[in-house]
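Undergrad: Sequence and predicted structure below; questions after.
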Amino acid sequence: MTGSILIIDDEKGQRDILTAILGKEGYRVLAVPGAREALEALEQAEFDLLLTDLKMQGISGMELMERSLIANPSQCVVMMTAHGTIDSAVEAMKKGAFDYLEKPLERDDLILTLQRAFAHIMLLKENKVLHRKLAETRQLPNMLGEHPKMMEVVRMVNKIAPTSTTVLIYGASGTGKELVARAIHDGSPRKDKAFFAINCAAIPDSLIESELFGHEKGSFTGAGSREIGIFEAAEGGTVFLDEIGEMNPAMQAKLLRTIQEKEIRRVGGKLNIPVDVRIISATNKDLEQETKRGTFREDLFYRLNVIRITLPPLRERGHDIITLANFFLKKYSASCGITLKGISKPALKILLEYSWPGNVRQLESVIERGVLMAESDYIQPEDLPAEVHYEATMSGSLPFEFPAQGISIDELERSLITKAMQRADWVISKAAPLLGMSYKTLQYRLEKFGIGKPE
């Protein structure tokens, strides 16, 4: 483990023990006896993390943290507190501390807490790199083009980004819902804070509460230490909840409370922890219909649906397909070190006639393949995947003749699912967009038909 830690504790024995333990773990450590010495050290060098006692003579750990956060808002602080001052430690977390440790410190708890803290620090650094790259490009690929529906999306993003209102993004898989969410975040005052994306359909119901809200040590089997959830980690930033329509009713109720009260409670915890995050959600379901069926809470729907953005499927965007295809051509030609002049007219015709069930994500994959397969200066029809080429040549006719005895819909569905899974190397999250299904729907179909990866 690498990283720099500034330890502040007025007990020399404690400083020496912490320095020895953390030095053996690979951290670069400086230990000082008080807040004044810490402030002097912070003027001379940057530290990834401050590990400070809460109660000290002179300037307290709380005041030290507040001063350091003014100078460096992304500074990571872990508080050490004696028994009986837990309330003060919780108050410190409300004001920006990452976590707290209760004295006397247990070595394992100390190491695990610092590991989580440095994982959080790395995430923030990665987010900053992403923000810088997006600021340099100033353009998201799925927003390229001049189709009126996409121009309206761009207008909406620019208008609502500076606010903190909740946003609900509608669109089929592959239309770029997460990219739009990132664009909203990066155009907001929260852009220097964290952006977390979570696919609600990809997390088992038994784990999603812990993933979002965290858990306390011992709250369930396997909970060996306290873990903060995404809402705490994203403090001041944005949480993107994809496939929100797949969230179970119990979790919907807890999310509604979080939105209303602006606070969360860890699994197994007794304290309500205030959180300041912007929530952006997305779905490919009609949530209004789901509320009528009783599968989605009406009150939560109205909380999420303050601003609605609808992304059109790629097949409706006409010549935007060509604009996007040329964008991806340049992207993958550069990254693969291949020089291509463009896409041939016959290949462009095929791209325009294809139905694009996987939308922009599928188009990107097709062009990446075309760049790699091209044997001339242009991507040709034979460089495109068989299903794209074949659909265009069929000109709308069915790719088979009905047998005299008819067909079995179940067998046809089984065959399509099997082929999609084979193409996706048996990864459900990759196969689902090819079939226009959610992760959970495909998972159910696989179990229904007993389809599994061959030995």
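TA: Noted; the coordinates are in hand.
Undergrad: make it CA atoms for all contacts and neighbour counts henceforth
TA: OK.
Undergrad: how about low-confidence regions in the protein?
TA: 1, 83-85, 126-142, 390-409, 455 (pLDDT under 70).
Undergrad: what's the domain layout of it?
TA: For the chain, automatic domain parsing gives the domain ranges 4-120, 139-312, 315-394, 409-449.
Undergrad: Need these in a markdown table (columns: mean neighbour count).
TA: Below are the domains of the chain laid out as a markdown table (neighbours: other Cα atoms under 10 Å):
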| stretch | mean neighbour count |
| --- | --- |
| domain 4-120 | 17 |
| domain 139-312 | 18 |
| domain 315-394 | 17 |
| domain 409-449 | 16 |
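Undergrad: quick one: the helices in the stretch 201-350 of the chain?
TA: Remark: helices assigned in the stretch 201-350 of the chain by DSSP state H, counting those that start in this stretch are 205-213, 230-233, 249-261, 287-293, 298-304, 320-336, 345-353.
Undergrad: Compile the ones you listed into a markdown table and extend it with columns for distance to residue 385.
TA: Shown next, in a markdown table, are the helices of the stretch 201-350 of the chain (distance: least, Cα to Cα, whole Å):
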| stretch | distance to residue 385 |
| --- | --- |
| helix 205-213 | 36 |
| helix 230-233 | 38 |
| helix 249-261 | 40 |
| helix 287-293 | 34 |
| helix 298-304 | 39 |
| helix 320-336 | 14 |
| helix 345-353 | 11 |
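Undergrad: What ranges does the stretch 51-200 of the chain have for its helices?
TA: Here the stretch 51-200 of the chain has its helices, by DSSP H, counting those that start in this stretch, at 61-71, 86-94, 107-137, 148-160, 177-186.
Undergrad: what's the closest of the ones you listed to residue 217?
TA: helix 107-137 (9.9 Å; Cα to Cα).
Undergrad: Could you list which residues are in contact with the residue positioned nearest the centre of the chain?
TA: Centroid-nearest residue in the chain: residue 197, 1.8 Å away (criterion: Cα atoms, centre = their mean). By Cα atoms under 8 Å, 6 or more residues apart in numbering, the residues touching residue 197 are 178, 239-242.
Undergrad: Mind checking which of the residues you listed are in strands?
TA: Assigned to strands by DSSP state E, the following of these qualify: 239-242.
Undergrad: tell me which of those is nearest to residue 311?
TA: Set against residue 311, the nearest of the ones in strands among the contacts of residue 197 by Cα to Cα is residue 242 (13.9 Å).
Undergrad: Check the gap between that closest one and residue 258 for me.
TA: Residue 242 is 17 Å from residue 258, where distance means Cα to Cα, to the nearest Å.
Undergrad: Please apply the same query to residue 61.
TA: According to Cα to Cα, residue 61 stands 29 Å off from residue 258.
Undergrad: quick check, residue 452 in a strand?
TA: No - under DSSP: H, G, I helix; E, B strand; the rest coil, residue 452 falls outside any strand and is assigned coil.
Undergrad: Output the ones in strands among the contacts of residue 197 in TSV; the columns should cover distance to residue 376.
TA: TSV is the format used below for the ones in strands among the contacts of residue 197 (distance: Cα to Cα, whole Å):
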residue	distance to residue 376
239	45
240	42
241	43
242	40
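Undergrad: Just flag the most distant two among the residues you listed.
TA: Maximum pairwise distance in the ones in strands among the contacts of residue 197, criterion Cα to Cα, is 9.6 Å, between 239 and 242.
Undergrad: who touches both of these two?
TA: In the contact map built from Cα under 8 Å, 6+ apart, the residues linked to both residue 239 and residue 242 are 197-198.
Undergrad: Any chance of the backbone angles for the closest residue to residue 325 other than its chain neighbours?
TA: Closest residue in space to residue 325, ignoring its immediate chain neighbours: residue 367 at 6.5 Å, by Cα to Cα, 6 or more residues apart in numbering. Phi and psi for residue 367, reported as degrees, to the nearest 10, are phi -70, psi -40.
Undergrad: quick one, what contacts residue 367?
TA: Residues in contact with residue 367, defined by Cα under 8 Å, 6+ apart, are 325, 328-329, 384.
Undergrad: would you turn those residues into TSV with distance to residue 285?
TA: Below are the contacts of residue 367 laid out as TSV (distance: Cα to Cα, whole Å):
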residue	distance to residue 285
325	27
328	28
329	32
384	31
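Undergrad: For the residues you listed, which two are the farthest from each other?
TA: Largest pairwise distance in these, by Cα to Cα, is 13.9 Å, between 328 and 384.
Undergrad: Could you check how far residue 193 is from residue 238?
TA: For residue 193, the distance to residue 238 - Cα to Cα - is 8 Å.
Undergrad: Over to residue 226?
TA: 23 Å.
Undergrad: same thing with residue 270?
TA: 25 Å.
Undergrad: now do residue 427
TA: To residue 238, residue 427 is 28 Å away according to Cα to Cα.
Undergrad: list the contacts for residue 233?
TA: Contacts for residue 233 (Cα under 8 Å, 6+ apart) come out as 120, 194.
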